[in-house]
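K.L.:
please work out how this folds:
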Amino acid sequence: MPEGPTYHRIAYLLREEIRAGKWQPGDRLPSHTELAEQMQVSITTARNAIQLLVTENLVYTATSRGTIVRNQEVLESVVTDPIRPDRPLSAHDIFEELARGAHREPAKEFSAKMLPATAEVALWLGVPEDSWVLARTVVQLLDHEPWSWEVSFYPRDLAEATGIDSPHDIPEGTTRRLAERGHAETAHRDTLVARPATAEEAAVLGVAAGTILLDHLRIGANHERVTRATRHRSVASRNRIAYELGDAEGAAIIKKTLGTSYGPGISLP
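P.N.:
Residues are numbered from 1 along each chain as shown. Take a look at the predicted model:
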């Protein structure tokens, strides 16, 4: 038992119980009131103990469900999969394929709206600042746990011409929809940085402000124009990004050599 403030000692006990398996991923911890009563401390002390575990990414808070134990599994996303020309046809987008491959239950919170382009978005898309662009936003969840926050921006005329200005999610994904409507992407530029989460990002992803995120920006284009800019943010400690380049035969050799050591949904020591 560590010395120091009472809330540190309570957090230590809960942390050890989580590591020992008393609390499984998806389990709800006692509420602040319940914990305060159990430990004979104030609600503020109980809240501070829980917040310490949130900072460590061991738990997250959900408005309607309380404090939930996080899944500690690290997921690998092969970010070149969505743009492979030989990708098998599927009724699901790449997120659902990843989730089901990891035996996790996917869910989404989707919204779409027209917005005036900020200076940053205008630069990405090559459109005038303040011109209308479509923003398609998806908060992706695994087993009800926030996993990533993705926002894709499209020039308004292209969005309207291809039907991706729909207020609903597109099950097969917008990359395939663009290709089906004659606007297949032929080039991509990816930028990936690790940085602390802002307060807004922390609230969306259920983590503490300052948690290190992977911020992945992909800009897609065809021979005529930039088609989209997609910004995908996820918790760095729970995600691994991989690229597979070259022909399918060579990629298969690499996968066979690695086996399951670095496959989707595999926990790391």
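
K.L.:
got a list of what Arg189 touches?
P.N.:
Residues in contact with Arg189 (Cβ atoms under 8 Å, 6 or more residues apart in numbering) are 218-219. From N, CA and C alone the C-beta is placed, and that goes for glycine too.

K.L.:
chain center to the helix or strand harbouring it, what's the gap?
P.N.:
For Arg189, the host element (DSSP states H and E) is strand 187-196. In terms of Cα atoms, centre = their mean, to the nearest Å, the centre of strand 187-196 is set 14 Å apart from its chain centre.

K.L.:
any buried residues in that strand, and which?
P.N.:
His188 (16 or more other Cβ atoms under 10 Å).

K.L.:
for stretch 165-176, same thing?
P.N.:
Quick answer for stretch 165-176 (16+ other Cβ under 10 Å): 165, 170, 173-176.

K.L.:
try stretch 134-150
P.N.:
Neighbour-count burial for stretch 134-150 [16+ other Cβ under 10 Å]: 134-143, 145-150.

K.L.:
for stretch 126-134, same thing?
P.N.:
Buried residues in stretch 126-134 (16+ other Cβ under 10 Å): 127, 133-134.

K.L.:
burial count for Ser234?
P.N.:
22 (other Cβ atoms under 10 Å).

K.L.:
and it, which of the three is it?
P.N.:
strand (DSSP: H, G, I helix; E, B strand; the rest coil).

K.L.:
please determine how far it is located from Leu125.
P.N.:
Remark: distance between Ser234 and Leu125 (Cβ to Cβ, to the nearest Å) = 23 Å.

K.L.:
for the residue nearest the centre of the chain, helix, strand, or coil?
P.N.:
Residue closest to the average C-alpha location in the chain (Cα atoms, centre = their mean): Ser148, at 1.5 Å. With three-state DSSP as the basis, Ser148 sits in strand.

K.L.:
check Tyr60 too.
P.N.:
Assignment for Tyr60 (three-state DSSP): strand.

K.L.:
I figured it hits Ile68, correct?
P.N.:
Yes. With contacts counted by Cβ atoms under 8 Å, Tyr60 reaches Ile68, the gap being 5.7 Å.

K.L.:
who touches both of the two?
P.N.:
Joint contacts of Tyr60 and Ile68 (Cβ under 8 Å, 6+ apart) are Glu145.

K.L.:
low-confidence ranges in this structure?
P.N.:
For the chain, the stretches flagged by pLDDT under 70 are 1-2, 85-92, 260-269.

K.L.:
host element of Ala159?
P.N.:
Going by DSSP H and E, Ala159 is in helix 156-162.

K.L.:
list the contacts for Val133?
P.N.:
By Cβ under 8 Å, 6+ apart, the neighbours of Val133 are 114-117, 121, 125, 127, 153-156, 159.

K.L.:
roughly how far is the host helix or strand of it from the heart of the chain?
P.N.:
Here Val133 is covered by strand 132-142, with elements defined by DSSP H and E. Centroid separation between strand 132-142 and its chain, computed with Cα atoms, centre = their mean, is 11 Å.

K.L.:
and stretch 60-69, by the same measure?
P.N.:
17 Å.

K.L.:
list the buried ones in it?
P.N.:
Result for stretch 60-69 [16+ other Cβ under 10 Å]: buried residues 60, 67-69.

K.L.:
among those residues, which ones are in strands?
P.N.:
If you go by DSSP state E, those have 60, 67-69 in strands.

K.L.:
between the residues you listed, which is nearest Arg47?
P.N.:
Thr67 (9.9 Å; Cβ to Cβ).

K.L.:
check contacts around Trp147.
P.N.:
Counted by Cβ under 8 Å, 6+ apart, Trp147 has contacts 75, 140-141, 234-235, 238.

K.L.:
for Ile68, same thing?
P.N.:
26-29, 59-62, 144-145.

K.L.:
what bridges to it?
P.N.:
Per DSSP bridges, the residues bridged to Ile68 are Arg28, Tyr60.
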